[in-house]
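Q: Give me a model of this one.
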Amino acid sequence: MLRFQSYDIVFQEVPNEVTLAINLANCPNGCKGCHSPHLQQDTGEWLTESAIDTLLAEYGEAITCICFMGGDADPHEVDRLARYVRAMSGSKLKTAWYSGKSRFPDSCALSSFDYLKLGPYVEQLGGLQSPTTNQRFYRVDNEQMTDCTWVFHK
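A: Sure, this is the predicted structure:
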């Protein structure tokens, strides 16, 4: 199971979407210079269907997307919860996953997501806004990933 430490409505993580970003705990990546090192701890509330239902009861009309920020310690649970969001919203809500892994897990379904951010944070290369970043942001259509990292470069 996954734990989450916080959540917020954000506008930059998924371009052109009003996103409920759920910050997941227990990150195993340990990236040097991580902007959220507190998310490496296994603390917070359990992220269950009931917790998602509660968040959507409060924010559902205001958002167009849910983004799982992290979750690399249990990718199958991220995949399962993304499928849950799709099913319970009738696919009206888009789903995104910000993963610190370089590759999408073979055992997860691309069809569970509309957007993916892949890649560990490498301090000297910078995040998605940096033209030298190693991280990649993808739009997923028909289980095909299209690199859209360029949208973060102004």
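Q: The longest helix belonging to the chain: what's the following helix or strand?
A: For the chain, the longest helix by residue count, based on DSSP state H, is helix 75-88. Using DSSP states H and E, the helix or strand that follows helix 75-88 towards the C-terminus is strand 94-98.
Q: Flag every buried residue along that following strand.
A: Within strand 94-98, the residues that count as buried by 16 or more other C-beta atoms under 10 Å are 94-98. Using the backbone N, CA and C atoms, a C-beta is placed for each residue, glycine as well.
Q: cool, and stretch 76-94?
A: Under 16+ other C-beta under 10 Å, the buried positions of stretch 76-94 are 78-79, 81-86, 93-94.
Q: So which elements touch the lengthiest strand in the chain?
A: As assigned by DSSP state E, the longest strand anywhere in the chain is strand 3-10. In terms of contacts (3 or more C-beta pairs under 8 Å, 6 or more residues apart in numbering; DSSP states H and E), strand 3-10 is packed against strand 19-24, strand 45-46, helix 49-59.
Q: still on that earlier bit, need the buried residues of strand 94-98 in CSV (columns: distance to Thr64 and pLDDT).
A: Converted to CSV, the buried residues of strand 94-98 look like this (distance: C-beta to C-beta, whole Å; pLDDT from 0 to 100):
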residue, distance to Thr64, pLDDT
Lys94, 6, 97
Thr95, 11, 98
Ala96, 11, 98
Trp97, 16, 96
Tyr98, 16, 96
